[in-house]
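*Asks:* structure for the following, please:
(chains A and B)
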Protein chains: 2
Amino acid sequence: MDFKDLNTQSTFTAKELEDRRKYFEDLIKRRYFFNQGFEIYGGVAGLYDYGPPGCAIKNNLLKLWRDHFILEEDMLEISSTCITPHSVFKASGHVDRFTDLMVKDVKNGAGHRADKLIEAFVENKLAKKKLKPEEVKELEEIKQKVETFSAQQMHDIIQKLGIKSPDTGNELGFPEPFNLMFGTPIGPSGQLPGFLRPETAQGMFVNFNRLNEFNGGRIPFAAAQIGLGFRNEIAPRNGLYRVREFDMAEIEHFFDPQRPEHPKFKYIKDLKLPLLTAKSQEHGDGSVTHMTLEEAVKSGTVSNETHAYFIGRTFLFLVEAGVNQNNIRFRQHMSNEMAHYACDCWDAEIEFSHGFKECVGLANRSAFDLESHTKGSGVKLLAARRLPEPRKVTIIDITLDKKEIFKALKADGNELTKLIEGYSDEQKAELMKKFETSDSVEFNINVKEVEKKVQLPKALISFKVSEQMQQEEKFVPYVIEPSFGVGRIFSAILEHRFRMRDEKRTFFHLPPKISPIKCSILPVISHEKYNDAIHKLKVGLTKVGVSSKVDDTGHAIGRRYARTDELGIPFGITIDNDTLVDDSVTLREILTTKQIRIPINDVFRVVSDMADGLITWESVLAKYPLFKPNASEEN
Amino acid sequence: MDFKDLNTQSTFTAKELEDRRKYFEDLIKRRYFFNQGFEIYGGVAGLYDYGPPGCAIKNNLLKLWRDHFILEEDMLEISSTCITPHSVFKASGHVDRFTDLMVKDVKNGAGHRADKLIEAFVENKLAKKKLKPEEVKELEEIKQKVETFSAQQMHDIIQKLGIKSPDTGNELGFPEPFNLMFGTPIGPSGQLPGFLRPETAQGMFVNFNRLNEFNGGRIPFAAAQIGLGFRNEIAPRNGLYRVREFDMAEIEHFFDPQRPEHPKFKYIKDLKLPLLTAKSQEHGDGSVTHMTLEEAVKSGTVSNETHAYFIGRTFLFLVEAGVNQNNIRFRQHMSNEMAHYACDCWDAEIEFSHGFKECVGLANRSAFDLESHTKGSGVKLLAARRLPEPRKVTIIDITLDKKEIFKALKADGNELTKLIEGYSDEQKAELMKKFETSDSVEFNINVKEVEKKVQLPKALISFKVSEQMQQEEKFVPYVIEPSFGVGRIFSAILEHRFRMRDEKRTFFHLPPKISPIKCSILPVISHEKYNDAIHKLKVGLTKVGVSSKVDDTGHAIGRRYARTDELGIPFGITIDNDTLVDDSVTLREILTTKQIRIPINDVFRVVSDMADGLITWESVLAKYPLFKPNASEEN
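*Replies:* Next comes the predicted model:
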């Protein structure tokens, strides 16, 4: 068995792949990378806990993300709350549209996600292989497009194919939208409805004015947030892939739509990436085009330079984190699957052993979010751009007789005031015009989510018109949002970095930056004469910022190597009798299992530099004498 | 005005203190350290967002915590979910006992936390100063003990003092327990009730067996978790002090109750700390005793060495993080305020401008949690200790006729089986004895949280007795739990580190490890001739791991210094014309505002070493020539 990856399916037979998956899952479980949450209580679907090595890898992945994006690009990192009031998600569109279609078992009421149910049924049918070519074609088409179907279309397919409730065989009801947000009332009276955020993004949008001010009003700038998201999935599955609580890392890059260039685009414009365009999916053969980012922008394939810049940076991040570069592609959303907020969206998809899966979303959300929250809150979320030369503008100031408005309209007056105060200059001009020809104007306001018409008499509003020289103009920034599913990338790294020497010696060959621990310290046998050397190595490694793990148990050295390999520890230092004589140790690397002899005083810097990616194992191999252990020591 | 801290009240008059608080809050808000969540929607009580400098400080604080505890002590860090099924919190006691007493306004139904309402009323009354000495004494006593009162006692006091609903003046109802956990149903059917965890601890308890196995069965060991907690506070207040969503950092140190010693206690046993014992609060004058940790253990003041070890380590952490060491004390819980799980509990209390507040809880939870979850789940959570010599033991194996039990008892059979399978050896022996004299035994089982009696006939259970030589014995570990409120410590650091040069120049003098950014880079005036030097400094600092912020705006250098001081950036590098000639820069420190002249090639290592705490500013001042800026440059 060679060292090829779990997911390069071509090199393994189906049987081999299935075996590898078993060994992979056994290793994950046995060394506690992660486990299902609340196992001792029978577990809860869609909730997972990270054990010590998994947690360390996740932390390292987040640190790499912070270094790669936040620090390198001087982004403004914030940390907002998961609990979010209803009004925010009403404005953002999530209350109405963040849903999946669910069908219920008509007898026991159990809910199933309609698209996944159809997909599973179709896959199962296709696997049986007794179909006519035209049947296969029809089923393949359903499978490919099912996510984009309407409720009626899904219902029709369920009826046509005769799909029943999978556990009971009962009939299924009509697909209804099920909101994926977890609801929770806030406060003791329970009167303030709230949700757990399904994404961290809204925390950055609602704080836009604060962030813009913090940044001195300069645009573009990016906010970033690392934190939890929650989605009450109807059908959680595939381990860490579709879960109900997950780590996210999101960026909101705010920019002037008149200036979608990115100053650092030049550094990555020549990066050639596999792009699966909407066109290829909708009208073509679904094949991937390899294109430089510069070509992608020039040809209009990607919406703009800034969007393309983040696609490139995302690719570089994934590769540095340990994802196989040959198993990454960027897929553009088709027009019928685009989220309600996006005007162009690309997913970084990573190929798992189960196929390509979305791991990063890169959406051009245009001005949707800031406009929605301006409308929802009545607070303007605007940036300013300097005009090439000052210009004369007409300013309309509106004064409302609030006292009388509240008297006349009661609580509705509040909504009406908020609405008018949020008006743009154009809307103000339009309103003034209406009042010129009418004594009363009708407004549509939202009261507890119901649209309502109210009248405002001319006597309660006044307009003051003046002229000003303007140096700058206000605008609503556009936003590019790269959104990373941390658990998904974590899973991909483990799959791609899984290796087998033989059936008993499986391990993870991780980039040192991602490894949970960088170095093991192993006395060749368990004996107290080695304690001083162990202590010296531990302290020395800690001093150069290298985490280490001592294994001085009585097991054979080969077994202890195998155990540190399982955790993905890239380097191992062995102390033996020569160490006590000449202060030298052996240093071993996980993939080659080769060892060199090296003075203790050198080993700290060498391991630290390899862990930071400054030097390679090959260069170290070339510099120090090879050490040949007994056959019994390493097998 | 001097540089004394906000909270050393003695050095300021009440008026000065109030002024300082205003400047402090202005700085927090103006430079976006944190803000109330969802401001543009009117805000939500108890929810706060961290802006860029606050988020960076919080991250640095968590990194320091991870280094100080997890890495230095080789703890097992895990990451478990916030969403938790009902069964877990039923077993842990939170469903029944994680409550505060709430009184409702009898007319509008608004809820108020009873103890806080009484406290506020009493404080208000005391402030009026027209009371007789005996009245003052009575009120002081109520204020001190109100948190420990029963519902009936609170009701009596409310009636006696004539306390009304604060907003309306209406009568108040009888205090009722209000559960502080946020509830949220899990899954599409809504049939699995869940909660957001109010602490991260349970995630470590329910995974005990996994952790114990990962650690090779060696005990003691500690698990640790950094993550969110959620509490639906009735009366959130005091900024970040009592909030509804918060960062926690918790440790569960599992140990053998027969061996409560800690191998590293010797390193901190001589640390002398201010202890406020339960005795002093209950029967004494409430004064603090200064005692070494060794004395505290020997005198039985602290429950054991391991408990005392973590008290000492907590103190060292808080001081390193920037809390004033003179404003920390450790207060022991009185017997009537102890949580349901604790057998001895100490709070690290930090003195804020509003008084001492709990910031870290250090509880000896004994075997409570592992026993509760063993009972709740039927899965034994046990460690093993090696016996001094092998011993002969009697083993009782129980076989249940599950089929017949389920037939006879239906769903109750499941509960009964789980109960018996979770029995200890002692319980098994007892049960066998009962069946010797009886044909049927009655059991108490829990069905959907209602206790229920069921009968098990002798025919459905059998016992097999054998003898074994045992090398080790199983036991339920005890646990010491240090639990850190991150936002509270964050607040304390900001209060203690707030400084004023004058009313326009306020700043934070933070430990460099905690500072949001370590170094500023300022050209003396804004000019493109400095761009190369800026770039060189930025790259060089990044290479040695020092974060930096460039301010090349056109503002006067003094104003730019003041702005970086506001963010708590400890070091500043200025580029001037001499830089272009001799490759030297000036380096400034925040508190002294002194500057030295230093070669660019030296400055990277010097700043990096100061940021890591390896060298002091004083030693740098002694080594390099002092630089005297123009009067106009620094004021």
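*Asks:* give me the element the closest residue to A:Phe34 other than its chain neighbours is part of.
*Replies:* Closest residue to A:Phe34 apart from its sequence neighbours, by C-beta to C-beta, 6 or more residues apart in numbering or on different chains: A:Gly54 at 4.5 Å. All C-beta atoms are positioned from the backbone trio N, CA, C, and that covers glycine. According to DSSP states H and E, A:Gly54 maps onto helix A:52-65.
*Asks:* repeat for A:Arg501
*Replies:* Per DSSP H and E, A:Arg501 falls inside strand A:498-502.
*Asks:* rewinding a little: got the buried residues for the helix holding A:Gly54?
*Replies:* A:52-62, A:64-65 (16 or more other C-beta atoms under 10 Å in any protein chain shown).
*Asks:* which pair in the residues you listed spans the largest distance?
*Replies:* Farthest-apart pair in the buried residues of helix A:52-65 is A:Pro52 and A:Trp65; separation 20.5 Å (C-beta to C-beta).
*Asks:* what's the domain layout of chain A?
*Replies:* Domain ranges of chain A: A:9-91+A:182-367+A:481-485, A:99-179, A:389-474, A:517-627, per automatic domain parsing.
*Asks:* closest to B:Glu566 out of these?
*Replies:* Proximity to B:Glu566, assessed across those by C-beta to C-beta, is greatest for domain A:9-91+A:182-367+A:481-485 (11.4 Å).
*Asks:* look at the residue nearest the centre of chain A and give its secondary structure.
*Replies:* Central residue check for chain A by C-alpha atoms, centre = their mean: the C-alpha nearest the mean position is that of A:Phe484, 1.8 Å away. Classification of A:Phe484 by DSSP: H, G, I helix; E, B strand; the rest coil places it in strand.
*Asks:* could you list the paired strands of the host helix or strand of A:Gly361 along with their orientation?
*Replies:* Using DSSP H and E, A:Gly361 falls within strand A:355-366. Each strand that pairs with strand A:355-366, with its direction, by DSSP bridges: strand A:344-352 (antiparallel), strand A:478-485 (antiparallel).
*Asks:* after it, which helix or strand is next?
*Replies:* Criterion used, DSSP H and E; the element after strand A:355-366 is helix A:368-377.
*Asks:* below-threshold pLDDT in the stretch 501-635 of chain A: ranges please.
*Replies:* A:630-635 (pLDDT under 70).
*Asks:* who in it is up against chain B?
*Replies:* A:Thr542, A:Ser547, A:Lys549, A:Thr553 (C-beta under 8 Å from any C-beta of the partner chain).
*Asks:* derive a ChimeraX selection command for the buried subset of those residues.
*Replies:* Command for ChimeraX, covering only those of those found buried under the criterion 16+ other C-beta under 10 Å:
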select /A:547,549
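*Asks:* ok so, going back, pull the CA atoms of the strand holding A:Gly361 into PDB?
*Replies:* Taking C-alpha atoms only, strand A:355-366 is exported to PDB below (Å, rounded to 0.1, in the frame of the first residue of the first chain):
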ATOM      1  CA  GLY A 355     -16.900  13.700  -3.700                       C
ATOM      2  CA  PHE A 356     -16.500  17.500  -4.000                       C
ATOM      3  CA  LYS A 357     -18.000  19.500  -1.100                       C
ATOM      4  CA  GLU A 358     -18.300  23.200  -0.400                       C
ATOM      5  CA  CYS A 359     -15.900  24.300   2.300                       C
ATOM      6  CA  VAL A 360     -15.600  28.100   1.600                       C
ATOM      7  CA  GLY A 361     -18.200  30.400   0.200                       C
ATOM      8  CA  LEU A 362     -16.900  33.500  -1.600                       C
ATOM      9  CA  ALA A 363     -19.900  35.800  -2.300                       C
ATOM     10  CA  ASN A 364     -20.200  39.200  -3.800                       C
ATOM     11  CA  ARG A 365     -23.100  40.400  -1.600                       C
ATOM     12  CA  SER A 366     -23.200  43.800  -3.300                       C
END
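*Asks:* regarding stretch A:46-60, how distant is the last residue from the first?
*Replies:* Taking C-alpha to C-alpha, to the nearest Å as the measure, stretch A:46-60 stretches 23 Å from start to finish.
*Asks:* ignore what I typed, I meant stretch A:605-625.
*Replies:* Between the opening and closing residues of stretch A:605-625 there is a gap of 17 Å (C-alpha to C-alpha).
*Asks:* ok, and what's touching it?
*Replies:* If you take C-beta atoms under 8 Å, 6 or more residues apart in numbering or on different chains as the criterion, stretch A:605-625 is touched by A:511-513, A:515, A:518-519, A:541, A:544-546, A:570-571, A:573, A:587, A:589, A:592, A:594, A:596-598, A:602.
*Asks:* how deep is the nearest residue to A:Gly51 once chain neighbours are set aside tucked in, by neighbour count?
*Replies:* Counting by C-beta to C-beta, 6+ apart, A:Gly51 lies nearest to A:Tyr32, which is 3.1 Å off, once chain neighbours are set aside. The number of residues packed near A:Tyr32 is 23, by other C-beta atoms under 10 Å in any protein chain shown.
*Asks:* check the one 5 residues further on too.
*Replies:* Taking other C-beta under 10 Å as the criterion, the count of residues near A:Gly37 is 25.
*Asks:* can I assume it is in contact with B:Cys82?
*Replies:* No - judged on C-beta atoms under 8 Å, A:Gly37 makes no contact with B:Cys82 at a distance of 10.2 Å.
*Asks:* low-confidence stretches in chain A?
*Replies:* Scanning chain A for pLDDT under 70 picks out the ranges A:1-11, A:238, A:340-341, A:448-449, A:630-635.
*Asks:* go again using 80 as the cut-off
*Replies:* Where chain A drops to pLDDT under 80, the residues are A:1-12, A:128-129, A:189-191, A:237-238, A:336-342, A:411, A:446-451, A:629-635.
*Asks:* flag every buried residue along the lengthiest strand in it.
*Replies:* Across chain A, the longest stretch assigned as strand under DSSP state E is strand A:383-400. Within strand A:383-400, the residues scored as buried using 16+ other C-beta under 10 Å are A:Ala383, A:Leu400.
*Asks:* do the same with stretch A:428-448
*Replies:* Judged by neighbour count (16+ other C-beta under 10 Å), stretch A:428-448 contains these buried residues: A:Lys428, A:Leu431, A:Phe435, A:Phe443, A:Ile445.
*Asks:* just the CA trace of it, in PDB.
*Replies:* C-alpha atoms of stretch A:428-448 as PDB (Å, rounded to 0.1, in the frame of the first residue of the first chain):
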ATOM      1  CA  LYS A 428     -36.400  63.000   0.300                       C
ATOM      2  CA  ALA A 429     -36.700  64.900  -3.000                       C
ATOM      3  CA  GLU A 430     -39.400  62.500  -4.200                       C
ATOM      4  CA  LEU A 431     -41.300  62.900  -1.000                       C
ATOM      5  CA  MET A 432     -41.100  66.700  -1.100                       C
ATOM      6  CA  LYS A 433     -42.500  66.500  -4.600                       C
ATOM      7  CA  LYS A 434     -45.400  64.400  -3.500                       C
ATOM      8  CA  PHE A 435     -46.400  66.800  -0.800                       C
ATOM      9  CA  GLU A 436     -46.200  69.700  -3.300                       C
ATOM     10  CA  THR A 437     -49.300  68.300  -5.000                       C
ATOM     11  CA  SER A 438     -51.100  66.600  -2.100                       C
ATOM     12  CA  ASP A 439     -52.200  67.300   1.400                       C
ATOM     13  CA  SER A 440     -51.500  63.900   2.700                       C
ATOM     14  CA  VAL A 441     -49.200  61.100   1.600                       C
ATOM     15  CA  GLU A 442     -49.700  57.300   2.100                       C
ATOM     16  CA  PHE A 443     -46.800  55.300   3.500                       C
ATOM     17  CA  ASN A 444     -46.200  51.500   3.800                       C
ATOM     18  CA  ILE A 445     -44.800  50.700   7.200                       C
ATOM     19  CA  ASN A 446     -44.000  47.400   8.800                       C
ATOM     20  CA  VAL A 447     -45.700  46.700  12.100                       C
ATOM     21  CA  LYS A 448     -44.700  43.400  13.700                       C
END
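*Asks:* pull the residues that contact that stretch.
*Replies:* If you take C-beta under 8 Å, 6+ apart as the criterion, stretch A:428-448 is touched by A:394, A:396, A:398, A:411-412, A:415-416, A:419-420, A:423, A:451-458, A:461, A:463, A:465.
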